[in-house]
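Asker: how does the following fold in three dimensions:
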Amino acid sequence: MAREVRQVELRPVDEEAERLASVFRLTAKEALDKKGATHMATFWSDTNVSLRLEVPSSDESKLRDVDPSAITLVRLDLGNPDQMEEAWTEGIKDHSIIPWGWLALFGLLLAGGAIGLLGLLIKSDDHAGDAVVEVENNAPYSRKKNQEAGQLIERIQKTTRGFFEAHTLDTLVHFVRHPGRVRPLMEKYYLSKPVASQHLSSFKFLQPLPLDESPNFWMASVELENREIRDLLIEITPLGEARIDWETAVCYQPMKWDEFARTRPKGSSYDFRVYVEQDTFYSHEFADSYQWNCFKLSALDSNETLFGYAKANGEISNKILDLLNSNGARRTSMILRVNIPEGLQSEKGVVIEKLMNSRWLYVNPPPADE
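Answerer: Numbers count the residues shown, from 1 in each chain. Predicted structure coming up:
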């Protein structure tokens, strides 16, 4: 399956929304690469709403997925547009003459209001100096915050450069999230390929990325010396250290998806990062649509499509359907544990044993027994 090429489009941005999200553009004259990134982190998603990177549906309040193929900006749900004003003349039906007594009373009320307004203006002048003093007192706090933000960006840049310039696995592991859990995966991944060291040329894009109500994630787009654009997910640890999500940076799989589809190893379970869509391909052992729900499964940079089956009305099916519905019934990034049972006759079917994660990124590490 050929990689999709997403076009960068310019869209009007609501000024109010622009003030709600802090965006750091580190290279003013450079734009994002139109082809997107070769590898990126998924999701995005919580169980209600992947860094896929496709923009979630308009009724979601959280970023749904983050995929390794392109960067998705954090979209703020601003609710409904301004409501229309009620008709000014609605309900005015009585055109009778207003008595002079009411006019006099109305004049008195206007005079009283003018006097009160004058008093408020005089009072506001008295407090103007206090407001200036308060701003001046807050200036050191603002300078401190700006300094802390600058130091954070420096740490992110330093970690990212170290990540790409590492020559060995022992060096690389110091820059990644969950090193104890991820190192065995890295050792397996680099058995057949060297740790490729590259110089980081520039940062193209850097922005905070709230995931599962966590303010500790950032997304970055960088250009390497070979002009390759790479997208990353970065976590700021409780100690303030920046760490790269290696699994989504390389889109880690237990084995190549095409190889799995071709060789169909029986009896073993594998956790794959896949795109999921609801489907109706019922055949062989899975011919009964009342017993099974069918899901079309594909992977990044892959030509093979498989069909995963889960028990209809079962917990796994219901969770997957909820994720698809929350994403507007579009294909959605998930980590699924799949198995091909011994003796299975279906040439394209696999059994979905478990929904491991609702996006390609583990915000929190999975339990050790999983």
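
Asker: for stretch 143-161, which positions count as buried?
Answerer: 153, 156-157, 159-160 (16 or more other Cβ atoms under 10 Å). C-beta coordinates here come from the backbone N, C-alpha and C atoms, glycine included.

Asker: show me which residues of the lengthiest strand in the chain are buried.
Answerer: In the chain, taking DSSP state E as the definition, the longest strand is strand 269-279. Residues of strand 269-279 classed as buried by neighbour count (16+ other Cβ under 10 Å): 270-278.

Asker: how about the strands in the chain?
Answerer: Ranges of strands in the chain, per DSSP E, are 200-208, 217-224, 229-236, 242-244, 269-279, 292-298, 306-311, 332-339, 349-357.

Asker: low pLDDT regions in this protein?
Answerer: 1-141, 213, 369-370 (pLDDT under 70).

Asker: nearest to residue 180, of the strands of the chain?
Answerer: Among the strands of the chain, the nearest to residue 180 by Cβ to Cβ is strand 242-244 (12.4 Å).

Asker: just the helices in the stretch 101-250 of the chain please.
Answerer: 169-172, 179-189, 246-249 (DSSP state H, counting those that start in this stretch).

Asker: re the thing from before, got the angle between the longest strand of the chain and strand 292-298?
Answerer: Angle between the axes of strand 269-279 and strand 292-298 is 100 degrees (criterion: axes from the mean of the first three to the mean of the last three Cα atoms, to 10 degrees).

Asker: pull up the pairing partners for strand 269-279, direction included.
Answerer: strand 292-298 (antiparallel), strand 332-339 (antiparallel) (DSSP bridges).

Asker: go through the shortest one and flag the buried ones.
Answerer: Of the residues in strand 292-298, those buried by neighbour count under the rule 16+ other Cβ under 10 Å are 292-298.

Asker: what's the closest of these to residue 209?
Answerer: residue 298 (24.7 Å).

Asker: so what's the closest one bridging to?
Answerer: residue 275.

Asker: for it, list the residues it contacts.
Answerer: Listed by Cβ atoms under 8 Å, 6 or more residues apart in numbering, the contact set of residue 298 reads 1, 257, 274-275, 304-306, 331.

Asker: repeat the analysis, applying 10 Å as the threshold.
Answerer: By Cβ atoms under 10 Å, 6 or more residues apart in numbering, the residues touching residue 298 are 1, 257, 261, 274-277, 304-306, 331.

Asker: can you put these in JSON lines and add distance to residue 235?
Answerer: Converted to JSON lines, the contacts of residue 298 look like this (distance: Cβ to Cβ, whole Å):
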{"residue": "1", "distance to residue 235": "30"}
{"residue": "257", "distance to residue 235": "26"}
{"residue": "261", "distance to residue 235": "32"}
{"residue": "274", "distance to residue 235": "23"}
{"residue": "275", "distance to residue 235": "24"}
{"residue": "276", "distance to residue 235": "25"}
{"residue": "277", "distance to residue 235": "29"}
{"residue": "304", "distance to residue 235": "32"}
{"residue": "305", "distance to residue 235": "32"}
{"residue": "306", "distance to residue 235": "31"}
{"residue": "331", "distance to residue 235": "26"}
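
Asker: outline the domain layout of the protein.
Answerer: Split into domains by automatic domain parsing, the chain comes to 25-75+139-252, 257-357.

Asker: redo those as CSV? Include distance to residue 368.
Answerer: Shown next, in CSV, are those (distance: least, Cβ to Cβ, whole Å):
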stretch, distance to residue 368
domain 25-75+139-252, 8
domain 257-357, 13
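
Asker: just tell me which of those domains ends up closest to residue 365.
Answerer: domain 25-75+139-252 (5.0 Å).

Asker: what's the closest non-adjacent residue to residue 253?
Answerer: residue 272 (5.8 Å; Cβ to Cβ, 6 or more residues apart in numbering).

Asker: am I right that the one you found is in contact with residue 297?
Answerer: Yes. The criterion here is Cβ atoms under 10 Å, and residue 272 meets it with residue 297 at 7.7 Å.

Asker: neighbours of residue 212, how many?
Answerer: 19 (other Cβ atoms under 10 Å).

Asker: surely it touches residue 357?
Answerer: No. Here residue 212 lies out of contact with residue 357, judged by Cβ under 10 Å, at a distance of 11.2 Å.

Asker: for residue 318, find the nearest of the strands paired with strand 269-279.
Answerer: strand 292-298 (9.0 Å).

Asker: okay if I get the strands of the chain as a markdown table plus distance to residue 321?
Answerer: Converted to a markdown table, the strands of the chain look like this (distance: least, Cβ to Cβ, whole Å):
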| stretch | distance to residue 321 |
| --- | --- |
| strand 200-208 | 31 |
| strand 217-224 | 27 |
| strand 229-236 | 26 |
| strand 242-244 | 33 |
| strand 269-279 | 7 |
| strand 292-298 | 7 |
| strand 306-311 | 9 |
| strand 332-339 | 10 |
| strand 349-357 | 11 |
